[in-house]
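Colleague: Structure for this input, please:
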Amino acid sequence: MGKEPTKNEPTPPKLVHRRANRNSSFYSGRTIGEKRERLETANERAAARKKDKRKKATRIIFTAIGFVVLVAILVAISRSFIKEEPAPIVQEPEIVYNPTIEVIDEDAASGSRITNRMKLYVGQAEKDFRDLGYKPTKAVIPSGAIREVDIYLDGYNGFIKLVIDRGTAVSAEDADRVIRYLNGLDIHDFNYIDVRTEGRAFWK
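Modeller: Presented below is the predicted three-dimensional model:
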């Protein structure tokens, strides 16, 4: 018979059989393992679903890129076989100015005739001088000259020596500069102004 504990003494722990402790621990451990296994399985399924979605999205993206590249290659090949015809060049019709002033050929007595090229040159020169404010009165082809044309202007006693190898516009502008230069010197009369040479002008 053991000694009964008093009120002030602590109650000793109740002893449990070792087998009962072992069974209880085994049962508890199995229950926690099953729960963990179920959680791991659910997480694995969710991860697998996400992985499948990523794979599908990747396949779609690469398929779209491949389709675009294929279309670009086909377009490039088709363009290499189909040659585009260049657009036709539309040339504006050349405006021809026929002279309205008198054209005198000093060699006409010998049977020579004014060529069409000379007539067109005189007509263009007349137009260019009119654009600068002058009024041509006549054109003279000097005797023995092949390419020279002398233009007479209203209000001036002298004439302007031109050559058909130079453009009428630049020749008229050179003559205008010389006339304005002479006017600045208070010279309003001259025998001729020679603008047949590019970059040079002479007057007398």
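
Colleague: From here on, just use CA atoms for contacts and neighbour counts.
Modeller: OK.

Colleague: Name the surrounding residues that touch stretch 116-127.
Modeller: Residues lying outside stretch 116-127 but in contact with it, judged by Cα atoms under 8 Å, 6 or more residues apart in numbering, are 96-101, 103, 136, 139, 149, 164, 168-169, 172.

Colleague: hang on, I meant stretch 151-164
Modeller: The list of residues contacting stretch 151-164 from outside it, by Cα under 8 Å, 6+ apart, reads 118, 121, 134-140, 147-150, 171, 175, 188-196.

Colleague: Name the SS class of residue 138, please.
Modeller: Under DSSP: H, G, I helix; E, B strand; the rest coil, the three-state class of residue 138 is strand.

Colleague: burial count for it?
Modeller: Applying the criterion other Cα atoms under 10 Å, we find 19 residues in the vicinity of residue 138.

Colleague: ranges for the strands of the protein?
Modeller: In the chain, the strands defined using DSSP state E lie at 102-105, 136-141, 148-153, 159-163, 192-194, 202-203.

Colleague: As a markdown table, these with distance to residue 126 and mean pLDDT would be great.
Modeller: Output for the strands of the chain, formatted as a markdown table (distance: least, Cα to Cα, whole Å; pLDDT from 0 to 100):
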| stretch | distance to residue 126 | mean pLDDT |
| --- | --- | --- |
| strand 102-105 | 11 | 89 |
| strand 136-141 | 6 | 93 |
| strand 148-153 | 8 | 94 |
| strand 159-163 | 12 | 94 |
| strand 192-194 | 16 | 93 |
| strand 202-203 | 20 | 87 |
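
Colleague: got those as a markdown table, with distance to residue 76 columns?
Modeller: Supplementary listing: the strands of the chain in a markdown table, determined by distance: least, Cα to Cα, whole Å:
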| stretch | distance to residue 76 |
| --- | --- |
| strand 102-105 | 63 |
| strand 136-141 | 63 |
| strand 148-153 | 60 |
| strand 159-163 | 56 |
| strand 192-194 | 62 |
| strand 202-203 | 64 |
